[in-house]
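K.L.:
structure for the following, please:
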Amino acid sequence: MLKIFRYAILPLFLLPLIIFNAQDDLPPPLSTCPQDIIDEALTNIGTYTPSDAVGFITLADSRFTLNDQPFIVQGINYYPSAYPWRRFLAETDLDILQTDLALMHDTGFNTLRIFLWNTALFNCPGSGAVPNWGVFQRLDGIIRTAGNAGFRLIVTLNDLPDMIDYPLYENPVHTQLQTTFIVERYRDEAAILAWDVRNEGDIDYGSKQGYIGTEFNRERVLAWLGDTADLVRRVDANHLITAGWLNDAEATAPYVDFVSFHHWEDTDSFRNRLNTIREGTDKPILVQEFGYSTFRMSPEEQAENIRQIILESQTQDLLGWMIWTAFDFPLDRSCFPSPCLSEDNAEHHFGIWNSDYAPKPALDAIADLLVD
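P.N.:
Numbering: from 1, shown residues only. Got it, this is the predicted structure:
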């Protein structure tokens, strides 16, 4: 009504066009499900049975502890070589998962970071949190199998969110309900070390040089982070909370239990990053992602860079370190759905194993630095 009054002095033949454009600016309505479909999904998903992992990771004197013993994260950001990114929840084969877990565990890794995105996990967002029960059962298997294999997990929420129609940072109700559903389902799973509320949310307010297209300011993103961390805490008193930021990690400190940052440069800049973070907070710090692509450097150079960052993490007394990533990704598996073929680039070659499981020199460098 106000829009029509506002343009009342314009020729009448323009009014339908103006009204149409105003309606065209509205986001498409969220899809809904009838109640019988919702009931069927909630019945089929069943309840989650936790793994055999014993004891929740806690923080004491700025250190991770597990069953009253120190726990140092020696971890890896994980996608199976054949099931990266969108394929992870849609297709991961649990037999291949077990092979991967045995390989990583035998090497000495103790922590994995995995990534969730709500579009794969839920249907009918207009009806709230309606689980895609088949995908949740695969996720159940991933988490339980990893826990039974001796791993602790950092589970990243809100990966690949809607940033256009119902933007994440406007905190839409259906996203809050979906987050609540995930956290409630796994709150008794001791294998989960922490919830990572958002991956590199600082990029969305322009912290990455040259990044184009952000429409969110820093205050809005951090307010959302605080609101979501509060939501997770209300639902789950068992698990720690973090947020893996790229360049502005100290900004997360008021909202998280420990600060997580990502690093892709040399050791000198690593030290500078730590100094900046420590100037902003005294909370404990985890280097949650770091890595080097053998598309850009030799495998020997990759090994040396990884070795230096691990050594510096130990010297700086961090909570631990997590490499990006376990495996290289074949070009016909990094895209989705099949059949498809990606263009080769650096993203396919960060692994410390090749896609055929052949180890790179980095594996020996890491093995020499692992601590019991």
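K.L.:
all strands of the stretch 151-300 of the chain, in order?
P.N.:
With DSSP state E, counting those that start in this stretch as the criterion, the stretch 151-300 of the chain has strands at 152-156, 192-199, 240-245, 259-263, 285-290.
K.L.:
please list the outside residues in contact with the second one.
P.N.:
Translated: strand 192-199. With contact meaning CB atoms under 8 Å, 6 or more residues apart in numbering, strand 192-199 is reached by 57, 64, 73, 111, 113, 115, 143, 152-159, 168, 183, 186, 225, 228-229, 232, 236, 239-244, 255-258, 260, 288. In this view, the C-beta of every residue, glycine as well, is placed from N, C-alpha and C.
K.L.:
ok so, going back, CSV for the strands of the stretch 151-300 of the chain, including distance to Glu343?
P.N.:
Shown next, in CSV, are these (distance: least, CB to CB, whole Å):
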stretch, distance to Glu343
strand 152-156, 26
strand 192-199, 23
strand 240-245, 26
strand 259-263, 24
strand 285-290, 23
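K.L.:
let me know the pLDDT of Gly210.
P.N.:
pLDDT for Gly210: 52.
K.L.:
now the strands of the stretch 151-300 of the chain as CSV including mean neighbour count and mean pLDDT?
P.N.:
Below are the strands of the stretch 151-300 of the chain laid out as CSV (neighbours: other CB atoms under 10 Å; pLDDT from 0 to 100):
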stretch, mean neighbour count, mean pLDDT
strand 152-156, 25, 98
strand 192-199, 26, 98
strand 240-245, 26, 98
strand 259-263, 25, 98
strand 285-290, 26, 98
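K.L.:
what's the closest of these to Gln98?
P.N.:
Proximity to Gln98, assessed across the strands of the stretch 151-300 of the chain by CB to CB, is greatest for strand 152-156 (15.3 Å).
K.L.:
what lines up beside the closest one in the sheet?
P.N.:
Using DSSP bridges, the strands paired with strand 152-156 are strand 111-115 (parallel), strand 192-199 (parallel).
K.L.:
can you put those strands in a markdown table and add distance to Pro299?
P.N.:
Converted to a markdown table, the strands paired with strand 152-156 look like this (distance: least, CB to CB, whole Å):
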| stretch | distance to Pro299 |
| --- | --- |
| strand 111-115 | 23 |
| strand 192-199 | 27 |
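K.L.:
which outside residues touch the host helix or strand of Ile366?
P.N.:
Per DSSP states H and E: Ile366 is located in helix 362-367. Outside helix 362-367, the residues within contact range by CB under 8 Å, 6+ apart are Thr107, Gly108, Pro299, Gln302, Ala303, Glu304, Ile306, Arg307, Ile310, Ile323, Ile352, Trp353.
K.L.:
neighbour-wise, give me the winner out of those.
P.N.:
Taking other CB atoms under 10 Å as the neighbour criterion, Ile352 ranks highest of the contacts of helix 362-367 with 29 neighbours.
K.L.:
can you give me the helices in the stretch 201-350 of the chain?
P.N.:
Counting by DSSP state H, counting those that start in this stretch, the stretch 201-350 of the chain has these helices, from start to end: 218-235, 267-280, 299-315.
K.L.:
and the contacts of stretch 258-275?
P.N.:
With CB under 8 Å, 6+ apart as the test, stretch 258-275 has contacts from 59, 194, 196, 200, 240, 242-246, 249-250, 252-253, 277, 281, 283-292, 305, 308-309, 312, 316, 318-319, 324.
K.L.:
give me that answer again for 6 Å
P.N.:
The contact list for stretch 258-275, computed with CB atoms under 6 Å, 6 or more residues apart in numbering, reads 242, 244, 246, 249, 253, 283-290, 308, 312, 316.
K.L.:
hmm, back to that, so how far is the helix holding Ile366 from its chain's centroid?
P.N.:
Relative to the centre of its chain, helix 362-367 is centred 25 Å away, using CA atoms, centre = their mean, to the nearest Å.
K.L.:
for that helix, buried residues please.
P.N.:
For helix 362-367, burial by neighbour count (16 or more other CB atoms under 10 Å) applies to Ala362, Leu363, Ala365, Ile366.
K.L.:
check stretch 119-126 too.
P.N.:
Neighbour counts over stretch 119-126 (16+ other CB under 10 Å) mark Ala120, Leu121, Phe122, Asn123, Cys124, Pro125 as buried.
K.L.:
what's near enough to touch the first one?
P.N.:
Going back to what we said before, that points to Ala120. Contacts for Ala120 (CB under 6 Å, 6+ apart) come out as Leu89, Val135.
K.L.:
got a pLDDT number for it?
P.N.:
96.
K.L.:
returning to that earlier point: pull the CA atoms of the helix holding Ile366 into PDB?
P.N.:
Coordinates of each C-alpha in helix 362-367 appear next as PDB, following Å, rounded to 0.1, in the frame of the first residue of the first chain:
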ATOM      1  CA  ALA A 362      55.300 -34.700   3.800                       C
ATOM      2  CA  LEU A 363      54.100 -37.800   5.400                       C
ATOM      3  CA  ASP A 364      57.600 -38.700   6.700                       C
ATOM      4  CA  ALA A 365      58.100 -35.100   7.900                       C
ATOM      5  CA  ILE A 366      54.900 -35.200   9.900                       C
ATOM      6  CA  ALA A 367      55.600 -38.700  11.300                       C
END
